[in-house]
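S.K.: only geometry, no sequence info:
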């Protein structure tokens, strides 16, 4: 049974972190950096493309210095909106600047076990079970592969993860772990099988890909080659900068935005030069380095500002944004996780970021928690309610109801109350019991969240894949593994 996706739509509450002239200054600084400093593209195909379009290419350093006009002309070809397809067409997601969808995040490497509560390495079964829980949550619009299937071969791991999501959910799948050309071709073959052919896939892509840049001012060669394969097939592809202030970016927020922006827009421009009009999107999860440990923080005021600022940049380039939100730096679902995820979700949503990532992850995207997953859904539902704003229509002002109740009256039995009472937000996991009842109880909100996740795993049955289609996915994955084993395909293993 498919669940209804209820996104944030056209927020009535808005926020401007960067004024238009500030966005323009960051854009101009970005073009100057790309043209005079350059961005590293460690792949022969990308360097050939840049050189053919007038860039200055250093084959030794693999750095391309690209004229600003080439970047701007290429970006102008990117579509401003498109649809992310789903196995269930009613769950297709319009990326049109008017909707905000939340998603799981990845690729975590540890899981807090739903049965034992112990922290352990992630495996394929976790991908399957998390997908089933996410399929049942109407706050979650699509999937990122949440954790790594570390019990599967490195050369085919990402493909096993994708197949697991499609078998356990009817929602869209966006992967961040397809980082080689052979994986991309196999993943597209799988997605085409799901949709009934390449043209149907192009029309309603059930798969999208995200590639991480390599800060500062670099790309990953395998990821760029995989992205070009995706762009050729019409698969939406995005590029995520994770530049970190004072480490892989300047100590200032604006400077780190310039570095990350140069990485993202140079990669998007490359796609458009080769496949004009292909769907691309901006992706970002920038942060500030913890000055005491050097760690990726996953929460803090800089993160919240980055979340809103990168949306302003994506809007400037007229492309959708996939934004790191949630994915707290906290080690367990505690007050820190609540503060960081609430603020990051609000900041990214109030500026209408298209895709919010990170549901369920702790410790800076390393550990998955079912309790945190459902708490994050609750946070998203609060933000969704806030951003609907206040209805001041005649029905919203409720003058007839006020007259009917009159002085010293009550509203409990009124028709107006019955018509609107379910619009009031009701928590599922927030603690609202009277103090005496709460202090005497042995259960807590973390217990409620965990019980809910266990109930979903016990009772929720997503619409299954046709057995023949499921077998076709297995055949494609097995073909990759066979080619590697026989030496027909030589790949560099990755985690």
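M.R.: It's in. This one's a predicted model, so the numbers in the text were calculated from it and none came from an experiment.

S.K.: Please name the bridge partners of the residue nearest the centre of the chain.
M.R.: Nearest residue to the geometric centre of the chain (CA atoms, centre = their mean): residue 357, 3.5 Å. Beta bridges link residue 357 to residue 324 when assigned by DSSP bridges.

S.K.: thought it was touching residue 307?
M.R.: No - here residue 357 lies out of contact with residue 307, judged by CB atoms under 8 Å, at a distance of 10.7 Å. C-beta: built from backbone N, CA, C; applies to glycine.

S.K.: which residues are common contacts for these two?
M.R.: Here residue 357 and residue 307 have 323, 324, 325 as joint contacts, going by CB atoms under 8 Å, 6 or more residues apart in numbering.

S.K.: List the contacts of the residue nearest to the centre of the chain.
M.R.: Here residue 357 is in contact with 102, 103, 104, 105, 144, 285, 322, 323, 324, 325, 326, 327 (CB under 8 Å, 6+ apart).

S.K.: Just give me the closest of these to residue 69.
M.R.: Taking CB to CB as the measure, residue 322 is the one of these closest to residue 69, at 27.2 Å.

S.K.: Correct me if wrong, but the closest one is in a strand.
M.R.: Yes - looking at residue 322 with DSSP: H, G, I helix; E, B strand; the rest coil, it is inside a strand.

S.K.: State the distance from the closest residue in space to residue 483 that isn't next to it in sequence to residue 478.
M.R.: Closest residue to residue 483 apart from its sequence neighbours, by CB to CB, 6 or more residues apart in numbering: residue 489 at 3.8 Å. According to CB to CB, to the nearest Å, residue 489 and residue 478 sit 13 Å apart.

S.K.: just residue 233 next, same as before
M.R.: Applying CB to CB to residue 233 and residue 478 gives a distance of 22 Å.

S.K.: Settle it for me: which of the two has more neighbours?
M.R.: Regarding residue 233 and residue 478, a neighbour count based on other CB atoms under 10 Å identifies residue 233 as having more, with 23 against 12.

S.K.: For the stretch 51-200 of the chain, which segments count as strands?
M.R.: For the stretch 51-200 of the chain, the strands defined by DSSP state E, counting those that start in this stretch cover 56-58, 63-65, 82-84, 93-95, 99-104, 110-112, 119-121, 140-144, 172-175.

S.K.: Mind putting those strands into CSV with mean pLDDT and mean neighbour count?
M.R.: Formatted as CSV, the strands of the stretch 51-200 of the chain follow (pLDDT from 0 to 100; neighbours: other CB atoms under 10 Å):
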stretch, mean pLDDT, mean neighbour count
strand 56-58, 98, 15
strand 63-65, 98, 20
strand 82-84, 98, 22
strand 93-95, 97, 21
strand 99-104, 94, 27
strand 110-112, 97, 21
strand 119-121, 97, 12
strand 140-144, 96, 26
strand 172-175, 96, 28
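
S.K.: and those as TSV, adding distance to residue 130?
M.R.: TSV is the format used below for the strands of the stretch 51-200 of the chain (distance: least, CB to CB, whole Å):
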stretch	distance to residue 130
strand 56-58	43
strand 63-65	39
strand 82-84	19
strand 93-95	19
strand 99-104	7
strand 110-112	8
strand 119-121	14
strand 140-144	8
strand 172-175	12
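
S.K.: So which of those strands is nearest residue 451?
M.R.: Of the strands of the stretch 51-200 of the chain, nearest to residue 451 by CB to CB is strand 110-112, at 14.8 Å.

S.K.: Neighbouring strands of the closest one in the sheet, and parallel or not?
M.R.: Short version: by DSSP bridges, strand 110-112 pairs with strand 119-121 (antiparallel), strand 367-368 (parallel).

S.K.: out of these, nearest to residue 240?
M.R.: Closest to residue 240 of those is strand 367-368 (CB to CB; 18.9 Å).

S.K.: After the closest one, which helix or strand is next?
M.R.: As assigned by DSSP states H and E, the chain's next helix or strand after strand 367-368 is helix 370-387.

S.K.: how many other residues sit next to residue 252?
M.R.: 12.

S.K.: before we move on, back to that, now the strands paired with strand 110-112 as CSV including distance to residue 239?
M.R.: Output for the strands paired with strand 110-112, formatted as CSV (distance: least, CB to CB, whole Å):
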stretch, distance to residue 239
strand 119-121, 29
strand 367-368, 24
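
S.K.: so which of those strands gets nearest residue 167?
M.R.: Residue 167 sits nearest to strand 367-368 of all the strands paired with strand 110-112, at 18.7 Å, using CB to CB.

S.K.: contacts for that closest one?
M.R.: By CB under 8 Å, 6+ apart, the residues outside strand 367-368 that reach it are 108-112, 119, 122, 126, 130, 146-147, 331, 360-362.

S.K.: Kindly report the same for stretch 104-118.
M.R.: Contacts to stretch 104-118, defined as CB under 8 Å, 6+ apart, come from residues 119-122, 126, 129-130, 134, 140, 143-148, 150, 161, 176-177, 324, 326-327, 357-361, 365-371, 373, 450, 453-454, 457.

S.K.: Ends of that stretch, what's the gap?
M.R.: Its first and final residues considered, stretch 104-118 spans 21 Å by CA to CA, to the nearest Å.

S.K.: Which of the residues in that stretch are classified as buried?
M.R.: Residues of stretch 104-118 classed as buried: 104, 105, 106, 107, 108, 109, 110, 111, 112, 114 (neighbour count, 16 or more other CB atoms under 10 Å).

S.K.: Save those residues as JSON lines, and put in distance to residue 20 too.
M.R.: Converted to JSON lines, the buried residues of stretch 104-118 look like this (distance: CB to CB, whole Å):
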{"residue": "104", "distance to residue 20": "34"}
{"residue": "105", "distance to residue 20": "31"}
{"residue": "106", "distance to residue 20": "34"}
{"residue": "107", "distance to residue 20": "36"}
{"residue": "108", "distance to residue 20": "38"}
{"residue": "109", "distance to residue 20": "41"}
{"residue": "110", "distance to residue 20": "43"}
{"residue": "111", "distance to residue 20": "44"}
{"residue": "112", "distance to residue 20": "44"}
{"residue": "114", "distance to residue 20": "47"}
